[in-house]
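**Student:** Okay, predicted coordinates and the sequence, questions at the end:
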Amino acid sequence: MAEDRARRALRQSGFDATGLLERADSTRNEVFVSAEHVVRVNRTLDRRLRREAALYRMLPMEPWAPRLLATGGESGRDYLVLHRHPGAPLSRWWPELGDRQRRDCMHGLAAAITSIHHTEMPDDFPSPQNPPHCLAPGTGQPLAPLREQLALLAELDHVDGLLLVTVADAMAEADSMLHPQFVPHGLIHGDLSLENVLASNQGIEAVIDFEWARFGPLDLDLDVIFRFACYPHLHVPPHVGRRYRPTDFWPAMEWLLEGLSHLTTIPHLRPRLELYALSFEVARVTEMPPTDDVHNLDHDHPYRRLVSLVDGVSRLHRLLDTLGI
C-alpha cells in the first residue's frame with residue numbers, strides 16, 4: 001500500500017512510476033527513492049508536507065538545496081517529489097573518511113547552514129505542529145512553554161519535583177537571552193543531524209528534510225547537531241549506531257564552528273545551549289515519563305539525560321568544555 005501511494009504520487013506529477021522504488025528510513029513519512037526521485041508521502045491530516053514545499057521555494061538555488069519537482073495530494077495524502085541528490089547520509093560515510101575529507105564536509109555544511117540562516121521568510125510563515133523544543137521564539141516569554149512543562153513533570157512519579165521546581169525558579173530572568181534583540185532570529189533547519197546531510201567523495205551534496213524548519217534563534221540549530229554528536233547511535237539505525245563511540249563526532253563540531261562565526265560570536269552562547277537542551281529533554285520526558293528511579297533507567301532514557309543536564313554532568317557539558325564554549 002505504501003509503495004502504491006508513492007507510485008500514485010509519481011504518476012500524478014507526470015513522472016515514470018514503473019521503475020524500481022526502494023523504501024528509505026523515516027520516522028514520520030513514507031519515503032521511497034528511485035534512480036532520479038525521492039517521494040515523501042504524509043499519512044496524517046496536518047498537511048505538513050505542503051508547508052515544507054512552500055519552504056523549499058524560499059531556499060537559495062544552491063547545489064546543496066533540495067530541488068522540489070512536484071507537490072500535491074489532499075489531507076492525509078499530501079506528498080512531495082524531490083530530485084534525488086547523489087551521495088549517502090554523512091553519518092554513514094563518516095568511518096570511511098579521512099580527517100581532511102571530514103573537515104571539508106563540515107566546512108561545506110557550515111556554508112550551507114549560513115545560507116539557510118540568511119534566507120528571508122515571511123513573518124506569517126506557519127510553524128510546524130509540536131516542534132521538538134518547549135520554546136516560543138519571538139514572543140515576550142520564549143521560555144513560558146518550558147516552565148509549564150517543568151511544572152507538569154514535577155508532579156509525576158519517579159521525578160524529582162523539587163529539582164525541577166528549582167530549575168524553573170533559576171530560569172526566572174533567562175527569557176532575555178532568547179529575545180531577538182540579543183540573539184539573531186530567522187530560518188533554522190531544525191533537524192540538523194548528519195543523517196540529514198548527504199555526502200559523496202566530492203563533499204557535501206545536499207541538506208535534506210526541512211520538516212522542522214521554522215523561525216527561531218539561529219543558534220538553536222547547534223543544539224540539534226551537538227545532540228547528534230553526543231548521542232549518534234540514537235539518530236541512525238541500530239546496526240549503524242554500533243559503529244560509533246560517543247566522542248567520534250566531537251572533532252567535527254570544532255571544524256563546523258570554524259565556519260559559523262555568525263553563531264559563535266553571539267554573547268551567552270553556552271547558557272543558551274543549555275536552555276535549548278533542557279527544552280528538548282523536557283519535551284521527550286513528557287512523551288516518555290520515567291517508570292522507575294532514575295538510576296534504574298536505561299542510560300539513554302530522556303529523564304536520565306535530563307537529570308545529567310540539570311546536574312551539569314551531561315555529554316553536552318563535556319562537549320562544550322572540549323569546544324571551549
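**Tutor:** In hand now; what should we look at?

**Student:** ok, the residue nearest in space to the middle of the chain to residue 144 distance?
**Tutor:** Nearest residue to the geometric centre of the chain (C-alpha atoms, centre = their mean): residue 191, 1.5 Å. Here residue 191 is placed at a distance of 23 Å from residue 144 (C-beta to C-beta, to the nearest Å). C-beta here means a position set from N, CA and C on the backbone, and glycine is covered the same way.

**Student:** now the helices for the protein?
**Tutor:** If you assign secondary structure with DSSP state H, the helices in the chain sit at 2-12, 48-56, 90-93, 99-117, 144-153, 161-170, 220-230, 238-241, 250-258, 261-264, 269-287, 302-310, 315-323.

**Student:** any weak-confidence spans in this protein?
**Tutor:** Applying pLDDT under 70 to the chain picks out residues 26-29, 75-76.

**Student:** domains of it?
**Tutor:** Using automatic domain parsing, the domain ranges for the chain come out as 2-83, 88-134+164-323.

**Student:** closest to residue 158 out of the ones you listed?
**Tutor:** Residue 158 sits nearest to domain 88-134+164-323 of all the domains of the chain, at 4.2 Å, using C-beta to C-beta.

**Student:** so how far is the closest one from its chain's centroid?
**Tutor:** Taking the mean C-alpha point of domain 88-134+164-323 and that of its whole chain, the gap between them comes to 6 Å (C-alpha atoms, centre = their mean, to the nearest Å).

**Student:** cool, and stretch 53-67?
**Tutor:** 17 Å.

**Student:** Any idea how far apart the tips of it sit?
**Tutor:** With C-alpha to C-alpha, to the nearest Å as the measure, the ends of stretch 53-67 fall 10 Å from one another.

**Student:** now swap in stretch 201-212 and tell me
**Tutor:** Here the two ends of stretch 201-212 are set 28 Å apart, with distance taken as C-alpha to C-alpha.

**Student:** Grab the nearest non-local neighbour of residue 126.
**Tutor:** Using C-beta to C-beta, 6 or more residues apart in numbering and skipping residues adjacent in sequence, the residue nearest residue 126 is residue 51, 5.9 Å away.

**Student:** That neighbour: how many residues sit nearby?
**Tutor:** The local packing count at residue 51 equals 19, with neighbours defined by other C-beta atoms under 10 Å.

**Student:** OK, contacts around the nearest residue to residue 143 once chain neighbours are set aside?
**Tutor:** Closest residue to residue 143 apart from its sequence neighbours, by C-beta to C-beta, 6+ apart: residue 175 at 5.2 Å. Residues in contact with residue 175 (C-beta atoms under 8 Å, 6 or more residues apart in numbering) are 140-143.
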